[in-house]
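Q: return a 3D structure for these sequence lines:
(chains A and B)
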Number of protein chains: 2
Amino acid sequence: MHITALAGGVGGARFLRGLLGHLRRRPELSGARLSVIGNTGDDITLHGLRICPDLDTLLYTLGGGVHEAQGWGRAEETHAVAAELARLGAMPQWFTLGDKDVATHIYRSQLLAQGMPLSAVVERLAVRWGLPERGVTLLPMTDTPVETHVVVPGGDDEAAGAQERAIHFQEWWVRHQASLPARRFVVAGLDRAVPAPGVLEALRSADVVLLPPSNPVVSIGIILGVPGLRDALRGARAPVVGVSPLVAGRPVRGHADVCLSSIGVDVTSSAVAGLYSDFLDGWLVDEDDPMAATSTLRVVHRPLLLSSPPASADLAGAALDLALDLRAGRVTA
Amino acid sequence: MHITALAGGVGGARFLRGLLGHLRRRPELSGARLSVIGNTGDDITLHGLRICPDLDTLLYTLGGGVHEAQGWGRAEETHAVAAELARLGAMPQWFTLGDKDVATHIYRSQLLAQGMPLSAVVERLAVRWGLPERGVTLLPMTDTPVETHVVVPGGDDEAAGAQERAIHFQEWWVRHQASLPARRFVVAGLDRAVPAPGVLEALRSADVVLLPPSNPVVSIGIILGVPGLRDALRGARAPVVGVSPLVAGRPVRGHADVCLSSIGVDVTSSAVAGLYSDFLDGWLVDEDDPMAATSTLRVVHRPLLLSSPPASADLAGAALDLALDLRAGRVTA
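A: Numbering: from 1, shown residues only, chains lettered A, B, ... in the order given. Purely as a prediction, here's the structure:
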């Protein structure tokens, strides 16, 4: 059994950790392999170090080293480097840099500077985190540097009213907590990005494809923008099952509502499913979600809880069951 | 009063901190300025970060943040980054990287990568350490990347006997504690190095030039190898007074004896003075040192102790007094 998932940061990582927990409960699925295609659009270079927030969150969460309450960063983290950088006046200071994090960034930056592709760097980091022995392969969506920028109002001549400026996604998300109106998202490098080695194969050879409740615009949406990736998903023999990121019209976590509004999409599970309509087969929505099935989309209502590992395992199990059910139907059809 | 000093790491830094302490005791010298020309030959790039051990030791010591017992590195240092780098398998692991140190290295590396010359980076770091308000200007000897390498026996075909290999000075000094026989020192980049802005001017305009008891081969010797620097020292109007790094034929600290033997120089204060004979006017040697004055060199016997700030202040004061005495003689002559 080969499961392939697309994933952003915290929500995706928690869902997938739940999936691993669920798989451990099901002996008949022992030996299942999980390929995770991670978003790199929120990667950023700060203080000369290349930082991959979503990939790191996936590594830390699936590897058992994440800061639980936060959902990102390392457990038992210290911040001596950041404190000294602040004392030195190094800018910016709005991005949290834990010391263990910094080591990861230094290690990755050096390997990248030596010419190693990001996917090979991630493979090394995954070994440190014990992902191979958990049956997990972590793949960046692309080795091509890609950066999501957010066009917001303002600029040097804000008073004139007509100005706008583009800031890095991380600045918008972390520094401004998505409070600046996002006029549009511009993903530098995405049009010439090439899927990382193994990405298309992971989609083509999958028995099941899962979309965790990651942000449909700035996580899943970015991954789907890598040329060739969406086509591979459309052509995949596996059923594709996703989990809505919305409960009662609000994101379970993060700022999916703001992101959806920014691109003119209704903040509903139905509208999010519409973004995936060309390949989505099954869709998990919250218990009270008004969305109903369509002729091409199976819809299942479940509590969309990622609040604890067991809750995440239940949710991931429901998604997997739906996918296996669709797959069985497809095979017998 | 403008004092200019050449300096390596721990010994030079302790001596110069002593000098600052001594100056505070002498109201008639209030307003004295100190220019320090620091060795950059032991600079090294590790984990993609540019590290300047001697300049950092000078910054930390003169700025009041050094680890006292060690003589280098930061007080109250932690090592979370290094521990995580080790967990990641990043090599090498023989160089101690404190977390506060790492912040300095990250900051410096980024500024250098942006095209800022090392001298400008050092100027910024010096501000963080309050050196300007202490009347201290810290100058790297050159902005040109220079690296001291040590040719040692061995290599891929060590058994054949004829092989030798060059290792970075830091690897020889820190990892091997200068225990590998040094056949010679090769200073990559030194022949095309240009004195950093302010270096020649600091020598030309000085009222007094001091040579702390830094290593005469791999610290002072490297600085003197920067093209134009030795000529400036020879032509300086100021008297040049040095402090022997040897007590009873052994270095007070470090491996000056090994370094001197490697270049075929006797391990005596007299032989070290011989290395500086074209510009040295005064020479402080230990109380029991057999060395006597010559027709061109005043020799003063003093306890060569840097064991505490007061002892360092006494020694620096003696060096300064000798220089002032020589200067008065020169002025009246």
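Q: quick one, grab the pLDDT at the residue in the stretch 151-300 of chain A that chain B sits nearest to.
A: Evaluated by C-beta to the nearest C-beta, the stretch 151-300 of chain A has A:His168 as its residue closest to chain B, separated by 16.2 Å. In short, each C-beta sits where N, CA and C put it, glycine included. For A:His168, the model assigns a pLDDT of 95.
Q: and chain A, which of its residues are near chain B?
A: A:47-49, A:78, A:80-85, A:87-90, A:99-100, A:102-104, A:106-107, A:109-110, A:113, A:124-125, A:128 (C-beta under 8 Å from any C-beta of the partner chain).
Q: now the buried members of these.
A: A:47-49, A:78, A:80-82, A:84-85, A:88, A:90, A:99-100, A:102-104, A:106-107, A:109-110, A:124-125, A:128 (16 or more other C-beta atoms under 10 Å in any protein chain shown).
Q: returning to that earlier point: from the residues of chain A next to chain B, which land in strands?
A: A:Leu49 (DSSP state E).
Q: so where's the stretch 1-150 of chain A shaky on pLDDT?
A: Scanning the stretch 1-150 of chain A for pLDDT under 70 picks out no residues.
Q: redo that, cut-off 90
A: A:30 (pLDDT under 90).
Q: show the residue spans covered by the strands in it.
A: A:2-7, A:33-38, A:44-46, A:49-51, A:136-140, A:147-153 (DSSP state E, counting those that start in this stretch).
Q: out of those, flag the one nearest A:Gly198.
A: strand A:136-140 (5.2 Å; C-beta to C-beta).
Q: show me what the closest one is packed against.
A: In this structure, strand A:136-140 packs against strand A:33-38, helix A:53-63, helix A:118-128, helix A:199-204, with contacts taken as 3 or more C-beta pairs under 8 Å, 6 or more residues apart in numbering or on different chains; DSSP states H and E.
Q: low-confidence ranges, the stretch 201-333 of chain A, go.
A: A:248-249, A:252-254, A:305, A:329-333.
Q: minimum distance to chain B, which residue of it gives it?
A: For the stretch 201-333 of chain A, C-beta to the nearest C-beta, closest residue to chain B: A:Pro309, 23.8 Å.
Q: quick check: that residue touching A:Gly18?
A: Yes - counting by C-beta atoms under 8 Å, A:Gly18 is a contact partner of A:Pro309 at 6.3 Å.
Q: more neighbours, the two?
A: A:Gly18 (24 against 15; other C-beta atoms under 10 Å in any protein chain shown).
Q: that one: what's it in contact with?
A: Residues in contact with A:Gly18 (C-beta atoms under 8 Å, 6 or more residues apart in numbering or on different chains) are A:Leu306, A:Pro309, A:Ala311, A:Ser312, A:Ala313, A:Asp314, A:Leu315, A:Ala316, A:Gly317.
Q: just the buried subset of those, please.
A: Counted by 16+ other C-beta under 10 Å, the contacts of A:Gly18 give A:Leu306, A:Ser312, A:Ala313, A:Asp314, A:Leu315, A:Ala316, A:Gly317 as buried.
Q: narrow these to those in helices?
A: For the buried ones among the contacts of A:Gly18, the ones inside helices are A:Ser312, A:Ala313, A:Asp314, A:Leu315, A:Ala316, A:Gly317, with DSSP state H as the criterion.
Q: now for those residues, which pair is the farthest apart?
A: Once C-beta to C-beta is applied, these give A:Ser312 and A:Gly317 as the farthest pair, at 9.4 Å.
Q: any common contacting residues for those two?
A: What both A:Ser312 and A:Gly317 touch, as defined by C-beta under 8 Å, 6+ apart, is the set A:Gly18, A:Leu19.
Q: so what's the residue of the stretch 201-333 of chain A closest to chain B up against?
A: Contacts for A:Pro309 were tallied using C-beta under 8 Å, 6+ apart; they are A:Arg17, A:Gly18, A:Gly21.
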